[in-house]
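Q: next one to model:
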Amino acid sequence: ISMGLITGGLFPLAMLLLHTSYRRADRRSHLAFGALGDREQRLQQQFAETDLIYRTSPIGLCFLDPELRFVRINDVLATINGLSVDEHIGRQLRDVLPQIADRLEPLYRRVIETGESTLDIEVARPMGNEPGVIRHYLASYYPVFAPDGQVLGVSTVVQDMTERKRAEQQLRRSEDRFQN
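A: Have a look, this model is predicted:
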């Protein structure tokens with residue numbers, strides 16, 4: 001290569017083209033990283049919001065994967081089940097709630113297979129720490145979908161209705177006494 005080509009000819013032109021190409025690539029990667037950063041920030045915000053809901057909700061919440069393993073559960077539902085949150089995570093529904101698994105598993109499987117919610121199912125169960133006491137719950141089961149439409153699992157909402165059921169029973173007894 002002659003010095004003329006390096007100092008005044010093709011070399012500066014090649015360097016200019018290379019520099020311009022790098023700047024464009026850098027701008028594209030910066031935009032891509034910026035978009036990735038924005039996406040990551042949105043995901044962190046969504047996680048923080050979900051975490052807040054799980055921590056502060058007065059109702060029971062959980063998420064089970066397609067193999068019916070607990071992925072996430074809040075303290076309210078863990079307490080209802082008589083175990084800690086950590087004692088649920090990674091365990092199958094049948095292992096955590098053997099006494100009602102035969103009733104619950106078909107509900108979860110139907111949601112996973114059909115991709116349709118099952119709403120307002122009443123569940124009555126004895127409490128392990130309160131012998132002879134039956135608690136009443138209203139549960140709804142919602143499929144959670146991946147972007148490709150595959151069911152990732154089931155999100156569950158459980159509301160304690162025991163006091164409402166007791167009030168309804170007392171009202172019926174009162175009405176029966178009044179009518180007789």
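Q: now do the contacts for the residue nearest to the spatial centre of the chain.
A: Residue closest to the average C-alpha location in the chain (CA atoms, centre = their mean): Phe63, at 5.0 Å. Neighbour list for Phe63: Phe70, Val71, Arg72, Ile73, Val144, Gly153, Val154, Ser155, Thr156 [criterion: CB atoms under 8 Å, 6 or more residues apart in numbering]. Just so you know, the C-beta spots here come from the backbone N, C-alpha and C atoms, and that holds for glycine as well.
Q: buried ones among these?
A: Buried by 16 or more other CB atoms under 10 Å: Phe70, Val71, Arg72, Ile73, Gly153, Val154, Ser155, Thr156, out of the contacts of Phe63.
Q: tell me the first helix or strand C-terminal of the helix or strand containing the fifth one.
A: Going back to what we said before, that points to Gly153. Remark: Gly153 resides in strand 151-160, with elements defined by DSSP states H and E. Sequence order places helix 162-179 as the next helix or strand after strand 151-160, per DSSP H and E.
Q: helices or strands next to that following helix in the packing?
A: With contacts defined as 3 or more CB pairs under 8 Å, 6 or more residues apart in numbering; DSSP states H and E, the packing partners of helix 162-179 are strand 130-145.
Q: give me the residues contacting the strand it packs on.
A: 60, 63, 80, 107-108, 111-112, 115-127, 151-162, 164-165.
Q: would you mind listing which of those are buried?
A: Looks like the contacts of strand 130-145 have 60, 63, 80, 107-108, 111-112, 118, 125, 151, 153-158, 160-161, 165 buried, using 16+ other CB under 10 Å.
Q: can you redo the buried ones among the contacts of Phe63 as a markdown table with pLDDT?
A: Output for those, formatted as a markdown table (pLDDT from 0 to 100):
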| residue | pLDDT |
| --- | --- |
| Phe70 | 98 |
| Val71 | 98 |
| Arg72 | 98 |
| Ile73 | 98 |
| Gly153 | 98 |
| Val154 | 98 |
| Ser155 | 98 |
| Thr156 | 98 |
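Q: which one of the residues you listed is nearest to Leu97?
A: Phe70 (10.1 Å; CB to CB).
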